[in-house]
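# With the sequence up front, the predicted model follows.
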Amino acid sequence: MIILAILLLIQVLSFYIGAFLTPSPSSFEQFTSVHCHRKDRRHFAIPRYHRVHDSDVGKNCDRSSGIKLTGIDKFETTTFAVQLPLPRDGMDLAYSRWMQTLLVILIPEFQYEPLLAANNIEDQQMNSPVKLDNNFQLLIDVDLSVKNGGDKDWSLYARRLGLKRTIKCHSHDLKQSHKLDCDLIQLFELQSLHYDYYLINFEIREDKSTNSTRQFPGKLNEITGVAIHHNGGFTQIWLTLKTVYFALTLATLIWYCKRLNRLNRNTILIERLLIGLGTALTQLNAPIELLTLYIEIPFMTFMNDLRQGIFYCVLLSFWIVFVGEHLLDGARKNSKLASYIKELLAICVASLALLIFDLSERGIQALDPFLTIWESKPNLANLSILIASCASLAYLCFLAYYICLAYGTISGKQSSLPEMQITKRLKYQGMIYRFKFLLFATIICALSTFIFYGLSQRNDWSYDEDTLGSTSTVEWTSAMLITVCAMWNLYVIVLMILYAPSHKGMIVGATMSDQIEFDCLTDDREEFFEGDMDLLQQLANKANLD
C-alpha cells in the first residue's frame, strides 16, 4: 500500500505541474498580410523596417499604390508580406529557440462576385446563374528570409516557385458580396526555430495548367493567417522533467541489466523485452532537443517522431507478450517471439504505414519546408492512415481478448484457494495480487497511451478560433501530456524492479524462484517453481492442488 500511495502521489503531482504550473504546449498569433508593391523585385519587401512616430515604415513595400484586388489575374504582381513575430503593445518581439517549431497557415478571404466569376467562362450568359466550383488551384511564389537580433540584413532561408496549393471553398448560402467559407492553406513548417525573426514574401498566381473554364470565386479581399509555435515555457518544463526521467530510467536500466548479468541462467523472454522497453524509454527521455538551443537541426520533429515510434513499437510488443505469457489456457508459450507472430505483424504493419506517412510529410519537410503530403500525394496519406488504423484495430482486438481471457480465468480459479494449505494459499494469493495489479496498470497505461497519441497529434498543430480569449486556469492538454509521461516512466521502472532477479539468485545453485524477485513470496522450497507464470499455469491446470 505504501508503494501504491507513492505512485499515486507522483501522478497527482505530475497532474498538478501540468495543469497549474505549465502553460499550453503551443501558442499562435494571427496576422494580416501586408499588400506591397515592390519597386525593386530583387530585394525583399519589408513591411516593418523601422518605426517613426509609433508608425511602421516599410522598405521596398509601397502601400500607397491604391491596390485593388479584383480577379486572380489582377493580383499576380502584388506581393504579400508578413514579418514574424508580430509586435505587441508597440514593442518588437523576437522568437526564442525554446519555441522549437513554427507552422504558418494562410487564410484567404474571398468575396463572392457572380458577375466576375461568369466572365471567366466564354460561353456563359451574363445573366445566367453561376455555379461555384469548390476546388481551386493556385500557384504561390514564396521567399522565406531570416534574421537574428544582431544582423543588419535579411538572409534568404528558403525559396519555392510555383508552390501548388488547393483552395477548397464551400458554396452554401452564396449571395452578392458575401465572404466565401474557404479552408486553411498550409504554407510551410519549420522543425527548428533557430532565428529571431522571419520574413515571408509571397505572390499568388493562377495555375494555367488547369482547365481554363474553371471559375474562380471572385474578389480577393485580403489574406490573413496563423503562426503556430511551441510554447517556450512548456518546452522548458517538459525538457526538465524528461531530463529527470532520463536519469531515473537509465539508472534503473543499468541496475536491472547488472542483476541479469550475474545470473547463472539464460534470460527469459519477458526479461529480454524489459531490457528493450527500458532502452526505448530511455532514448525517448533523452533531452536531445536541448541541442537546438545551440545548433539548427531542421529534422528535429521528424527525429522525435522516430524516437516515439520506437517506444510505441516496443511498448505494444511488451503488452502482448506480458499478457500472453500469463495466459491460463493450458498451452504455455515457448518463450519465443515467433509465438506472437500475428500480434507482432499487426504492430509492424501499423508502424510501417505511419513511418511511410511521416517520411513523406516531415521527412521531406526537413529538406523543403513548403512541401506537404496532403497536397502532393493525398492518396498516399489517406492510404497510410487507413492501413495503420486497421492494423491498430486488429492489435486492440488481440490485446483485449488476451486481457479478458487472462483476467477471467484467474478470477475463476480463485475459488479453489480456500481449500489449499496456508503456505500455498499465501503464495498463490500473492501471485494473483501482483498479476492483477500489473494487469490493471497495463490496461490504464494502454488507454492513456492511445489518448496521449491522439492528443499529441491534434496538439502538434491545432488551431481553433474558439480558444481565442479563453481564460481557463487549468491547462488540460499540458496536464495530460505530463501525467502520461510520468505514468510511462513509473510503469517501466516498477516493472524492472518487480522482475529484477533477487540477490539470492546470485548464489550458485539457486533455484529459478530465487532468481526472480517477482516470484519471491515465501521461503517454501517444497516444490520447484519457475515463476509466476508457472504458478498461474499450475493453478489453472490442477483440479485439486492438495
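Here it is on my side, so go on.
# From here on, just use CA atoms for contacts and neighbour counts.
Noted.
# Could you list the low-confidence segments of the stretch 151-300 of the chain?
Applying pLDDT under 70 to the stretch 151-300 of the chain flags the ranges 171-178, 210-218.
# So which bits of stretch 439-454 are buried?
439, 442, 445-446, 448-449, 452 (16 or more other CA atoms under 10 Å).
# now these in JSON lines, with distance to residue 251 and pLDDT?
Formatted as JSON lines, those follow (distance: CA to CA, whole Å; pLDDT from 0 to 100):
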{"residue": "439", "distance to residue 251": "25", "pLDDT": "78"}
{"residue": "442", "distance to residue 251": "23", "pLDDT": "79"}
{"residue": "445", "distance to residue 251": "22", "pLDDT": "82"}
{"residue": "446", "distance to residue 251": "25", "pLDDT": "79"}
{"residue": "448", "distance to residue 251": "25", "pLDDT": "79"}
{"residue": "449", "distance to residue 251": "24", "pLDDT": "77"}
{"residue": "452", "distance to residue 251": "26", "pLDDT": "72"}
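# Which one of these is nearest to residue 319?
Of all the buried residues of stretch 439-454, residue 319 sits closest to residue 442, with 7.2 Å by CA to CA.
# what's the closest of the buried residues of stretch 439-454 to residue 42?
Looking across those and measuring by CA to CA, the closest to residue 42 is residue 452, at 47.3 Å.
# ok, then the element right after the helix or strand hosting the closest one?
For residue 452, the host element (DSSP states H and E) is helix 422-460. The C-terminal neighbour of helix 422-460 among helices and strands, as given by DSSP H and E, is helix 476-498.
# what number of residues lie near residue 404?
As a burial measure, residue 404 scores 12 neighbours (other CA atoms under 10 Å).
# counting contacts, what elements does the strand or helix carrying it pack onto?
In this assignment (DSSP H and E), residue 404 forms part of helix 378-413. If you count contacts as 3 or more CA pairs under 8 Å, 6 or more residues apart in numbering; DSSP states H and E, helix 378-413 packs onto helix 300-325, helix 341-358, helix 373-376, helix 422-460, helix 532-541.
# Out of these, which gets nearest to residue 152?
It is, among these and with distance given as CA to CA, helix 300-325, at 28.0 Å.
# on that earlier part again, could you give me the buried positions within the helix holding residue 404?
Those would be 380-381, 384-385, 387-389, 391-392, 394-396, 398-399, 402-403, 405-407, 409-410, 413, for helix 378-413 by 16+ other CA under 10 Å.
# Dig out what residue 36 forms beta bridges with.
residue 79 (DSSP bridges).
# and the helix holding residue 404, how far from the chain's centre?
Its chain's C-alpha centre and that of helix 378-413 lie 20 Å apart, by CA atoms, centre = their mean, to the nearest Å.
# buried sites along the strand ranked longest in the chain?
In the chain, assigned by DSSP state E, the strand with the most residues is strand 155-170. Buried residues in strand 155-170, counted by 16+ other CA under 10 Å: 159-160, 163-169.
# partner strands of it, parallel or antiparallel?
Its sheet considered, strand 155-170 pairs with strand 135-147 (antiparallel), strand 181-182 (antiparallel) by DSSP bridges.
# Quick one: residues in contact with it.
133-147, 180-185, 368-370, 375 (CA atoms under 8 Å, 6 or more residues apart in numbering).
# Now the buried members of the residues you listed.
Buried members of the contacts of strand 155-170, counted by 16+ other CA under 10 Å: 135-147, 180-182, 184-185, 368-370.
# And the strands in the stretch 51-200 of the chain?
In the stretch 51-200 of the chain, the strands defined using DSSP state E, counting those that start in this stretch lie at 55-59, 79-84, 102-112, 135-147, 155-170, 181-182, 185-190, 197-206.
# Format those as CSV; extra columns: distance to residue 49.
Shown next, in CSV, are the strands of the stretch 51-200 of the chain (distance: least, CA to CA, whole Å):
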stretch, distance to residue 49
strand 55-59, 5
strand 79-84, 10
strand 102-112, 21
strand 135-147, 13
strand 155-170, 15
strand 181-182, 32
strand 185-190, 23
strand 197-206, 11
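# Any idea which of those strands gets closest to residue 3?
So among the strands of the stretch 51-200 of the chain, strand 102-112 is nearest, using CA to CA, at 42.2 Å.
# How about the contacts made by the closest residue to residue 479 other than its chain neighbours?
In this structure, residue 479 finds its nearest non-sequential neighbour in residue 18, 3.8 Å apart by CA to CA, 6 or more residues apart in numbering. Listed by CA under 8 Å, 6+ apart, the contact partners of residue 18 are 475-476, 478-483.
# Recalculate using a threshold of 10 Å.
Counting by CA atoms under 10 Å, 6 or more residues apart in numbering, residue 18 touches 12, 24-25, 234, 237-238, 474-483.
# Which of these has the largest number of neighbours?
residue 478 (26 neighbours).
# Help me confirm that that one comes into contact with residue 230.
No. Using CA atoms under 10 Å, residue 478 makes no contact with residue 230, being 11.9 Å away.
# now residue 371: how far from residue 359?
12 Å (CA to CA, to the nearest Å).
# Repeat that for residue 37.
Residue 37 is 38 Å from residue 359, by CA to CA.
# Comparing the two, which residue is more hemmed in?
Counted by other CA under 10 Å, residue 37 and residue 359 do not tie: residue 37 has more neighbours, with 21 against 17.
# Next one, pLDDT for the nearest residue to that one once chain neighbours are set aside please.
Once flanking residues are discounted, residue 37 sits nearest to residue 62: 5.0 Å by CA to CA, 6+ apart. If you check residue 62, the pLDDT there is 81.
# contacting residues around residue 62?
34-39, 45-47.
# Between those, identify the one with the most neighbours.
Among those, the one with the most neighbours (other CA under 10 Å) is residue 45, at 29 neighbours.
# so that one touches residue 80, yeah?
Yes. With contact defined as CA under 10 Å, residue 45 reaches residue 80; the gap is 8.4 Å.
# Find residues that contact each of these two.
The contact sets of residue 45 and residue 80 overlap at 34-38, 61, 200-202 (CA under 10 Å, 6+ apart).
# how about those residues, which pair is most distant?
37 and 200 (14.5 Å).
# And for the spatially closest residue to residue 293 that is not a sequence neighbour, the neighbour number?
Leaving aside its sequence neighbours, residue 293 sits nearest to residue 97 (CA to CA, 6+ apart; 5.6 Å). By other CA under 10 Å, 21 other residues sit near residue 97.
# Can you get me a residue count around residue 485?
Neighbour tally, residue 485, other CA under 10 Å: 21.
# Check the one 4 residues further on too.
The criterion is other CA under 10 Å. On that basis, residue 489 has 20 neighbouring residues.
# With residue 282 instead?
Neighbours of residue 282 (other CA under 10 Å): 24.
# any idea of the mean pLDDT for the helix holding residue 404?
85.
# now the angle from that helix to helix 341-358?
Interaxial angle, helix 378-413 versus helix 341-358 (axes from the mean of the first three to the mean of the last three CA atoms, to 10 degrees): 150 degrees.
# heads up, I number from 38, so please use that
Renumbered: residue one is now 38, and that last one reads helix 415-450.
# now helix 415-450 and helix 337-362, what's the angle there?
Using the same axes, to 10 degrees, the direction of helix 415-450 lies 30 degrees away from that of helix 337-362.
# quick one on the thing from earlier: which pair in the contacts of residue 55 spans the largest distance?
Greatest spatial distance in the contacts of residue 55: 49 and 62, 19.4 Å, computed using CA to CA.
# hang on, the earlier thing: can you pull the phi/psi pair for the residue nearest to residue 516?
According to degrees, to the nearest 10, the main-chain angles of residue 55 amount to phi -70, psi -40.
# gap between it and residue 283?
18 Å.
# circling back to that earlier point, so what sits against both of residue 408 and residue 396?
By CA under 10 Å, 6+ apart, residue 408 and residue 396 have these common neighbours: residue 402.
# Dump the buried residues of strand 192-207 to CSV, plus distance to residue 126.
Shown next, in CSV, are the buried residues of strand 192-207 (distance: CA to CA, whole Å):
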residue, distance to residue 126
196, 32
197, 33
200, 35
201, 36
202, 34
203, 36
204, 34
205, 35
206, 35
